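**Student:** Make a model of this:
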Amino acid sequence: MKRVIFLVCSLFIVGSLADGVPGKCPQIDTVKDFKPEKMAGKWHSIYETGKESSCVCYEFEPISPNFFLGYFYHLKQTISLAPKNTEDFNEGFVVSSKFIPAMDKMSMFTFATDYENYAGMFTCKEVGDVHFPHVAFWSRDHTMTDERMLELKDMMAKYEGVDLSGLKAVNHSECDHGDK
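**Tutor:** Below is the predicted model:
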């Protein structure tokens with residue numbers, strides 16, 4: 001049985017709640033034959049939509065085949081994640097968090113990754129007739145080429161209801177995640 005690991009985009013919590021978009025969350029294309037177990041370990045958010053941020057870093061650890069924990073270094077909080085459908089990891093994941101209510105029951109998707117260097121992440125939460133989308137580009141280290149950023153941005157630009165005009169670089173210049 002496959003181990004499940006997934007990444008969470010945190011600025012949805014602190015930044016995107018004011019940026020609701022009318023309608024339901026868009027259906028996006030996800031990574032085919034997604035291997036969530038390969039996402040285990042540490043990831044640094046390099047670009048995110050929402051408010052400006054710094055030191056956004058996550059670490060993910062499988063606890064069982066269909067349950068895993070994510071730790072937010074910058075928030076000092078732990079969340080749990082599980083697949084929406086245990087038969088098809090491409091259908092995304094659901095977050096549970098008693099400490100971060102804005103993230104509770106939020107849907108998450110990986111739209112691009114090579115598992116070793118980068119990941120493109122999309123999260124969305126529906127509240128009534130409004131949805132709150134969030135896009136993040138992640139790296140195993142603190143860098144991402146402009147070419148990779150533009151490639152990931154182009155992949156998300158085609159979806160109605162996802163505004164990338166607020167995509168910002170995350171500042172990692174004074175961070176201590178134990179890996180510099």
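
**Student:** Run a quick check on V170 versus Y47, I expect a contact.
**Tutor:** Yes. Between V170 and Y47 there is a contact at 6.6 Å, judged by C-beta atoms under 8 Å. From N, CA and C alone the C-beta is placed, and that goes for glycine too.

**Student:** who has more neighbours, the two?
**Tutor:** V170 (23 against 20; other C-beta atoms under 10 Å).

**Student:** From V162, how far out is the more buried one?
**Tutor:** Noted for V170: a distance of 18 Å to V162, by C-beta to C-beta, to the nearest Å.

**Student:** Same check on G20?
**Tutor:** For G20, the distance to V162 - C-beta to C-beta - is 13 Å.

**Student:** which one of those two has more residues nearby?
**Tutor:** Neighbours were counted for G20 and for V162 using other C-beta under 10 Å; V162 has more, 19 against 16.

**Student:** In which helix or strand does the more buried one reside?
**Tutor:** Secondary structure assignment for V162, by DSSP states H and E: no helix or strand.

**Student:** Check I28 too.
**Tutor:** With DSSP H and E as the test, I28 turns up in no helix or strand.

**Student:** surely it meets K158?
**Tutor:** No. Shown here, I28 and K158 do not form a contact pair, counting by C-beta under 8 Å, at 9.0 Å.

**Student:** Those two: which is more packed in?
**Tutor:** I28 (20 against 10).

**Student:** OK, contacts around C124?
**Tutor:** 25-26, 106-107, 131-134 (C-beta atoms under 8 Å, 6 or more residues apart in numbering).

**Student:** partner residues bridging it?
**Tutor:** Note on C124: beta-bridge partners by DSSP bridges are S107, P133.

**Student:** per-residue pLDDT, it?
**Tutor:** In this prediction, C124 carries a pLDDT score of 87.

**Student:** Could you do the one 10 residues further on as well?
**Tutor:** Reading off the per-residue confidence, H134 sits at a pLDDT of 89.

**Student:** what does S107 give?
**Tutor:** For S107, pLDDT reads 77.

**Student:** how close does it get to R140?
**Tutor:** Distance, S107 to R140, by C-beta to C-beta: 24 Å.

**Student:** Can you list the low-confidence ranges for this structure?
**Tutor:** 1-18, 64-68, 72-76, 79-82, 84-104, 177-180 (pLDDT under 70).

**Student:** all strands of the protein, in order?
**Tutor:** Under the criterion DSSP state E, the chain contains strands at 21-22, 41-48, 57-64, 67-72, 77-83, 93-96, 107-113, 118-127, 130-139, 168-169.

**Student:** Next, format those as CSV and append distance to K35.
**Tutor:** Listed next are the strands of the chain as CSV, based on distance: least, C-beta to C-beta, whole Å:
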stretch, distance to K35
strand 21-22, 31
strand 41-48, 13
strand 57-64, 12
strand 67-72, 13
strand 77-83, 13
strand 93-96, 14
strand 107-113, 9
strand 118-127, 12
strand 130-139, 16
strand 168-169, 28
